[in-house]
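Novice: Sequence first, predicted model second:
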Amino acid sequence: MRNTLMAALLGAGCALLSAGAGAVDLERYLRDDAFTNIKISPDGTYVAASVPLQDATAIAILRTADMALVGSFRPPSNNHAGSFDWVGNQRLVIGLAQKLGRLDRPRPTGELYGINADGKGGELLVGYRVGGLNDSQVSAFLTDELADDERNVLIAVWPFAENPYTRIERIERMDAVTGRRMVVARSPVQGAEFTTDNSGEVRFALGSSSDNVQKLYYLRARAHRRRQAPMGPAHAGRRDRRHALGDRAGHCR
């Protein structure tokens, strides 16, 4: 008798839960967002937002005064605007990505695309689909959009032609309109991630060699060197690591 009563109560509870679940409007929770990442231009004139589509991720650019659509970027099928940043008040640099399969997350391709706020001036600036010269066969990722520069950015560049286990990454200054690039610094260690200071100076490179031990290197500020100097070790051990990140090493603010 007791078992029968427990079974009846359990069945009633399940029925109530099912009825309650049926009354909830799940559509509002399951539908994709109309916009995801949103970034406003430095002067506040425009706002850019990534727009998820069925087989791509586009960029919409709106004028903040009236929220009118003034420019847009839509990549080909299975391509996505994986990231985007304002370069000055009139130009966007977009990091491209590709996605294969419904549940697969987009993966960066190392390509950077530039576009004006009005949707004009679209140009693939760097990446394997640029074609032509061998120096285009690289992966590039935005490192610093250089707040005081309306046209140039700093990018981390990985050459395709070199062995991925021994290749040396470098930082280049790239024109966000033409794609023209100039080497600024080279890392002394493989797989490096670069850090810049508030003025856009490359100061640190963190990476590891074949020994799989992370190493931190420091580059003096340009005002203290006549020419491009190689990076030097910022620390030799655990006790010295704090100096690498403080006033004695980088004078970073």
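Specialist: That came through, no problem.

Novice: only C-alpha atoms for contact and neighbour calcs from this point on.
Specialist: Fine.

Novice: So residue 155 is in contact with residue 140, correct?
Specialist: Yes: assessed by Cα atoms under 8 Å, residue 155 is found in contact with residue 140 at 6.1 Å.

Novice: So for the two, which sits in the more crowded spot?
Specialist: Regarding residue 155 and residue 140, a neighbour count based on other Cα atoms under 10 Å identifies residue 140 as having more, with 27 against 23.

Novice: which residues touch the more buried one?
Specialist: With contacts taken as Cα atoms under 8 Å, 6 or more residues apart in numbering, residue 140 has the following neighbours: 110, 111, 112, 126, 127, 155, 156, 157, 158.

Novice: of all these, which comes closest to residue 199?
Specialist: Distance to residue 199 across those (Cα to Cα) is lowest for residue 155, with 15.0 Å.

Novice: Next one: that closest one, what pLDDT does it get?
Specialist: Looking at residue 155, its pLDDT stands at 93.

Novice: which residues pair with it across the strands?
Specialist: Residue 155 has the following beta-bridge partners by DSSP bridges: residue 142, residue 172.

Novice: Please report the distance of it from residue 97.
Specialist: Taking Cα to Cα, to the nearest Å as the criterion, residue 155 is separated from residue 97 by 16 Å.

Novice: One more: residue 208?
Specialist: Counting by Cα to Cα, the separation of residue 208 from residue 97 is 26 Å.

Novice: Compare these two and say which is more crowded by neighbours.
Specialist: Under the criterion of other Cα under 10 Å, the comparison of residue 208 against residue 97 puts residue 97 first, with 22 against 16.

Novice: what's in contact with the helix or strand hosting the more buried one?
Specialist: Residue 97 belongs to strand 91-98 when elements are defined using DSSP states H and E. Strand 91-98 has contacts (Cα under 8 Å, 6+ apart) with 78-87, 106-117, 141-142, 176.

Novice: Give me the buried subset of the residues you listed.
Specialist: 78-87, 106, 108-117, 141-142, 176 (16 or more other Cα atoms under 10 Å).

Novice: Buried residues of stretch 190-202, list them for me.
Specialist: 190, 191, 192, 193, 194, 196, 200, 201, 202.

Novice: Now do the nearest residue to residue 38 once chain neighbours are set aside: how many residues are near it, please.
Specialist: Ranked by Cα to Cα, 6 or more residues apart in numbering and with sequence neighbours excluded, the top spatial neighbour of residue 38 is residue 49, at 4.3 Å. The tally of other residues near residue 49 (other Cα under 10 Å) stands at 19.
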